[in-house]
Structures are given as structure tokens and as C-alpha cells.
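K.L.:
No letters, just coordinates:
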């Protein structure tokens with residue numbers, strides 16, 4: 001089940017699992033809240049059906065969301081802002097859902113904001129194999145960004161060009177990154193090249209003098225005295 005991997009992501013990004021007595025048949029669910037030092041007022045409810053169908057998934061909109069919402073509020077385990085700021089992250093194998101249902105769930109904001117993570121068996125198995133082979137035990141934001149940036153960005157370019165035919169650890173990692181709101185992509189700061197210094201290093205001493213003369217000059221390159229102007233810059237005596 002993919003929900004175990006997502007649980008790891010929450011644990012490794014400073015979110016605490018809330019103990020809950022609320023359960024629904026044929027469903028696994030976890031409720032997470034941020035640790036105090038994050039200074040965030042939000043909850044995330046992770047949900048995955050153990051075995052389901054597209055018809056069962058449709059009930060998520062019509063029945064399950066409302067039941068979950070009411071039961072969690074009445075449990076006394078959440079703070080007041082749960083009602084206004086809880087995101088439901090629904091995980092489902094693609095063989096159990098169609099695109100129309102996905103859109104219906106995500107566009108329905110009643111009770112919860114809803115993000116649907118759709119995966120297939122090949123992606124899940126490949127991601128598990130990748131994490132095991134690379135000994136990745138904690139999927140924090142930095143580790144996920146490292147996977148996305150691997151091979152100097154070549155993996156992302158390959159995915160961008162072949163996304164329709166790729167079902168592996170990389171495609172699933174990107175889905176997780178896009179659907180879990182607190183995961184943030186930050187660019188790495190790189191020291192800018194000193195272009196002037198690079199140019200100067202490639203020129204001889206005499207060439208550097210000429211370059212500086214050109215940069216310091218305020219010459220209008222027009223008229224009949226162009227030859228004389230160039231000669232002056234190059235320190236060439238006119239005959």
C-alpha cells in the first residue's frame with residue numbers, strides 16, 4: 001500500500017500522527033498535524049481503500065467524506081481550525097478509478113480540500129525497490145528533491161519527454177511531490193561566474209591593455225578617422 005510511504009513522508013517532515021478511534025470499513029486512514037515549531041495550523045487526512053472499485057470511490061464524495069468530517073470533529077482530538085484547514089489526500093490504484101471520478105473528487109471542496117494520488121503497481125513496486133537499493137529510510141523534503149534532481153536533471157528531462165510511457169519510481173515520486181502541499185522545491189544557489197575575470201585570464205597582458213582601452217574609450221565609430229582611432233587603441237604609430 002502506498003499510504004505507508006506517504007506516512008513516512010509526513011513523519012520525516014515533522015508531522016505527528018494523531019491517534020484516532022474513527023475507522024471506516026475497508027479503509028486505512030491516518031490523521032497528521034504539524035509539530036509546533038512549524039507554526040502551521042493545518043491537518044492532513046490520509047486515506048486509502050484496502051480493496052475497492054470505481055463505484056466505491058464515488059461514495060467518497062457522497063458519503064464517506066461527510067461521515068469522516070463529523071466523526072473527527074466530534075472525537076475531541078482536533079483543534080478548531082480543523083474545520084477550515086484540513087486536506088484529504090486520497091490514495092488509489094489507477095485500476096480502481098477513472099479520470100471523471102478523479103476530477104469529481106478534487107473539484108469537490110465540501111468538508112475537505114481533496115488531492116488524489118493515483119498510482120499503478122509498477123510505479124509502487126519500482127519506488128519500493130529504489131528506496132531499498134539506495135537505503136533511503138526517511139523521505140524528507142531534501143531527499144525527495146534529490147530524487148527529482150538526480151543525474152543532474154537528466155531524469156526530469158527524460159520524464160518530460162516520455163511521461164506518457166513512464167511508470168516507475170520517478171513518475172510516482174513526482175506525483176507525491178505535486179500532491180502533498182508542504183513539499184517545496186527550492187533551487188540551489190550557485191556562485192555566479194565572474195565573467196570579467198574569466199575573460200581576463202584568457203588574454204595576454206597586451207590584449208588586456210587593449211581591452212581596457214576599448215572599454216575606457218568614449219569613441220563614436222563613424223567618419224573618416226576610424227583607422228586612426230583603432231591605431232590609437234592598439235598603440236600603433238601611423239605612417
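P.N.:
Received the coordinates, thanks. This one's a predicted model, so the numbers in the text were calculated from it and none came from an experiment.
K.L.:
where along the protein do the helices fall?
P.N.:
3-12, 54-59, 65-74, 99-107, 121-133, 141-148, 154-162, 169-179, 195-202, 205-216, 226-233 (DSSP state H).
K.L.:
The residue nearest the centre of the chain: what's it in contact with?
P.N.:
In the chain, the centroid-proximal residue (Cα atoms, centre = their mean) is residue 177; its distance is 4.0 Å. By Cβ atoms under 8 Å, 6 or more residues apart in numbering, the contact list for residue 177 reads 144, 148, 183, 185. C-betas here are computed from N, CA, C, even on glycine.
K.L.:
of all the residues you listed, which two lie farthest apart?
P.N.:
Pairwise distances across these peak at 9.9 Å for 148 and 183 (criterion: Cβ to Cβ).
K.L.:
Point out where the protein drops to low pLDDT.
P.N.:
Applying pLDDT under 70 to the chain flags residues 21-23, 164, 187-193, 214-239.
K.L.:
Would you map out the domains in it?
P.N.:
3-179, 195-233 (automatic domain parsing).
K.L.:
circling back to that earlier point, now the contacts of residue 177: which count as buried?
P.N.:
144, 148, 183 (16 or more other Cβ atoms under 10 Å).
K.L.:
could I get those residues as a markdown table with distance to residue 116?
P.N.:
Output for the buried ones among the contacts of residue 177, formatted as a markdown table (distance: Cβ to Cβ, whole Å):
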| residue | distance to residue 116 |
| --- | --- |
| 144 | 19 |
| 148 | 20 |
| 183 | 16 |
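K.L.:
So which of the residues you listed is the closest to residue 90?
P.N.:
Nearest to residue 90 among these, with distances taken as Cβ to Cβ, is residue 183, at 16.9 Å.
K.L.:
Identify the residue spatially nearest to that closest one, adjacent ones excluded.
P.N.:
residue 177 (5.1 Å; Cβ to Cβ, 6 or more residues apart in numbering).
K.L.:
swap in residue 180?
P.N.:
residue 9 is the one closest to residue 180 (Cβ to Cβ, 6+ apart), at 6.3 Å.
K.L.:
Around the one you found, how many other residues sit close by?
P.N.:
22 (other Cβ atoms under 10 Å).
K.L.:
Check whether it really touches residue 179, as I assumed.
P.N.:
No. Because the distance of 10.6 Å does not satisfy Cβ atoms under 8 Å, residue 9 is recorded as not touching residue 179.
K.L.:
which of the domains of the chain sits most buried?
P.N.:
Burial of the domains of the chain is given as mean neighbour count (mean count of other Cβ atoms under 10 Å); domain 3-179 ranks first at a mean of 16.
K.L.:
Tell me the span between the first and last residue of that one.
P.N.:
For domain 3-179, the first and last residues are 13 Å from each other (Cα to Cα, to the nearest Å).
K.L.:
ok, now stretch 130-150?
P.N.:
End residues of stretch 130-150 are separated by 13 Å (Cα to Cα).
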